[in-house]
Every structure is written in C-alpha cells, then in structure tokens.
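# fold the stuff below for me.
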Amino acid sequence: MRQSVIHTVIITAVVTWSSVAEAEWQTHRETAFAPPNGQWSVGILNPLEVQLDKDWGIEVHPLAALAAPHLNVHHVWVRHDRWALMGVYGLSIPSWSLKFEPPFGLRGYLSPKCVVSSAEPERRLRCGQDAWVAAPKVGARYSRGRRWIVTLETDLAVGILLSGEQPRPLDTYAPLEQLYTPMTHNYRLHVGARVSRTLPTGLIAMAEADMYRVGDVDGRSPWAFSTYVGVDVQISRALRGTLGVIYWNSDQRAMVLRTDDEGFSRKEMVRSHDVYPTIDLIWTY
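Okay, the predicted model is just below:
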C-alpha cells in the first residue's frame, strides 16, 4: 500500500513537472521550438505568427506587408526533448514600398518622389524608381534548453533584380536600412544568438546579439551589429507585454571634424551608435 502511494506521488510529480516545463517552453518567443498546433499570436509591432501543424508555421506582419509584401515560413527539421532544429525560409518584395506613396509605400520618405515626372513623363525612368526586386531568404535556427533557452540563428537574403536598375543605398536608420540591404547591397548575411530565461516572478528575461554582413557597400563598412535586452510579462492568459531596448552599431556615413596638434581640421568617418526602446503587446490564442 505504501509503495503504491509512493509510486502515485512520484508519477504525479513527474507529470506535473513535465506540464510546467512544457508551459515554460511554450512561452519563450523566437526559438526553434514550434508552438502548439493551431496557435497564433500577433502584436502591434510584432508580426502575426500562425502554427499550421506540429512542424510548419508562417509569419507575416499585417501592417508592413502593405508597404513591402513578405512571407516567412518556419519548418521544424528535427525535434527532441530539449533541443530543436528549424529551417527558416522567406520571400519579400522590398522595392514595392519605394514605388508607391503612403499609405501603401514610403516613396518621398526613403526615396525621392521624382516630381519632375508629372511635367515631363519621359524623364520618369531617370529617377531610379522603376526597379522591381525580390529578396528570397533561407536560414536555420537551433534552440536548446527549457527554463534557460539558447537559440542560434543564421540566414542569407539575396536581392534578385527583376527589372530596372538597382536602387541606391537609403542611408536611413540602421534597423530600417537592414530590411532593404538585400535590394540595395545585393545580399544580407545575418548571424545571431539569443538567450531567454524564465524568472521566479514569471517574467521572461531575454538578451540577444546579432551581426550583419552586406554586399556592395560603396566605400562604407559592410558590417552592422545590434544587441537587445528585454523582458516579457504575462498580463493574462492570452496577453503579454514586452519591454526592452536595442542598440545598433553601423556605418551610416557619419563624419566628425578632428583637429590635429598643428590646428588643422580634417573630416573623419565614424560609426553611428543608435539606441531605441522597444515596447509591444502580444495576443496569443
């Protein structure tokens, strides 16, 4: 009788621990562990993610898709108890946003309007806005752990010129420019590492570091780096808040004047340092 009770207690404890571990595992974002079949989540700034079955999921940002059509697909290649390996595939048309004015594009903000074309239509093709570029992406993501989850990720996006001339670099904010580098710099190689940890308070702390290498750079550094730290807090069963800060280090053609010992000034190219807050609400069903 005593042994039976002991066995029952042990089995109950194991099952309870497994369910808790599974719940904690499912609350971590941006890992190779696929969420439950049929689950979807969307934020104000974070993309819509839908898990189609146990292996396949899709990701798209509803608002950004209006300016730059895109779709990302996730496929779990291998899944074990404490680690998983996932393939990441994507396709975007970033040139779309440079050909149309708001609300369906960003022409006039990231690229010139070419006002002269209204008076002289024959000059429209000289404005550099006639390019159509598709940017397929392929990569992989590996995650390991439960309460501590370490994720390694790499992907390569290549710009394929469908028509027109390759657009010039946008020379805009670093995180925004990285979205367009496959189009303006031929390709973008990304390597990143992310660590997330479930805290006793129920918060999930995250830290991430990413490195980017682009193709043709026209005299500037091809490297860009970013680091991120943040926390997720579960507000309700279906709603979570996320708060953090991200730092970017990149070459945006910034210059400073340096004065030497003899009093002569000269221009010197320097890297830019940008810090942005991140805040969002994410619904999960």
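# surely residue 93 meets residue 136?
No - assessed by Cβ atoms under 8 Å, residue 93 is found out of contact with residue 136, at 10.4 Å. C-beta: built from backbone N, CA, C; applies to glycine.
# higher neighbour count, those two?
Neighbours per residue (other Cβ atoms under 10 Å) separate residue 93 from residue 136, with residue 93 holding more: 17 against 14.
# list the contacts of the more buried one.
Residues counted as contacts of residue 93 (Cβ atoms under 8 Å, 6 or more residues apart in numbering) are 68-70, 132-135.
# lowest-confidence one in these?
Least confident of those in the model: residue 68, at 81.
# pretty sure residue 49 sits against residue 43.
No - using Cβ under 8 Å, residue 49 is not in contact with residue 43; the gap is 9.5 Å.
# what's the local residue count around residue 197?
By the criterion of other Cβ under 10 Å, residue 197 has 17 neighbours.
# measure it to residue 141 for me?
For residue 197, the distance to residue 141 (Cβ to Cβ, to the nearest Å) stands at 18 Å.
# re earlier: which of residue 49 and residue 43 has more neighbours?
Set residue 49 next to residue 43 and count neighbours by other Cβ under 10 Å: residue 49 wins out with 22 against 18.
# so what does the helix or strand that one falls within touch, helix or strand wise?
In the assignment (DSSP states H and E), residue 49 maps to strand 48-51. Applying 3 or more Cβ pairs under 8 Å, 6 or more residues apart in numbering; DSSP states H and E, one finds that strand 48-51 contacts strand 40-43, strand 56-60.
# got the contact list for the shortest one?
What it means is strand 40-43. For strand 40-43, with Cβ under 8 Å, 6+ apart as the criterion, the contacting residues are 35, 48-51, 62, 242, 280-285.
# quick check: buried residues in stretch 50-65?
51, 57, 59-61, 65 (16 or more other Cβ atoms under 10 Å).
# from those residues, pick the one nearest residue 157.
residue 59 (14.5 Å; Cβ to Cβ).
# follow-up on the earlier one: the strand holding residue 49 pairs with which strands, parallel or anti?
Strands flanking strand 48-51 in the sheet, each with its direction: strand 40-43 (antiparallel), strand 56-60 (antiparallel) (DSSP bridges).
# of all those, which lies closest to residue 184?
For residue 184, the closest of those is strand 56-60, at 22.4 Å, according to Cβ to Cβ.
# could you point out which element follows that closest one?
Downstream of strand 56-60, the next assigned helix or strand under DSSP H and E is helix 64-67.
# in the helix or strand following that following helix, what counts as buried?
Going down the chain from helix 64-67, the next helix or strand is strand 70-79, by DSSP H and E. Across strand 70-79, burial judged by 16+ other Cβ under 10 Å covers 70, 72-74, 76.
# so who does the nearest residue to residue 145 once chain neighbours are set aside touch?
Of all residues not flanking residue 145 in the chain, residue 82 sits nearest, at 6.4 Å (Cβ to Cβ, 6 or more residues apart in numbering). For residue 82, the contact set (Cβ under 8 Å, 6+ apart) comprises 144-146.
# lowest-confidence one in these?
The member of the contacts of residue 82 with the lowest pLDDT is residue 146, at 85.
# what is the burial count for that one?
The number of residues near residue 146, taken as other Cβ under 10 Å, comes to 15.
# same deal with residue 88?
Neighbour count for residue 88, taken as other Cβ under 10 Å: 18.
# so which residues make contact with the strand or helix carrying it?
In this structure, residue 88 is located in strand 83-92 according to DSSP H and E. Residues outside strand 83-92 that contact it (Cβ under 8 Å, 6+ apart): 31-34, 68-79, 134-145, 153, 155, 157, 182.
# could you name the helices and strands sitting against whichever strand or helix holds residue 151?
Using DSSP H and E, the element containing residue 151 is strand 148-158. If contacts are counted by 3+ Cβ pairs under 8 Å, 6+ apart, strand 148-158 sits against strand 83-92, strand 132-145, helix 174-184, strand 187-198.
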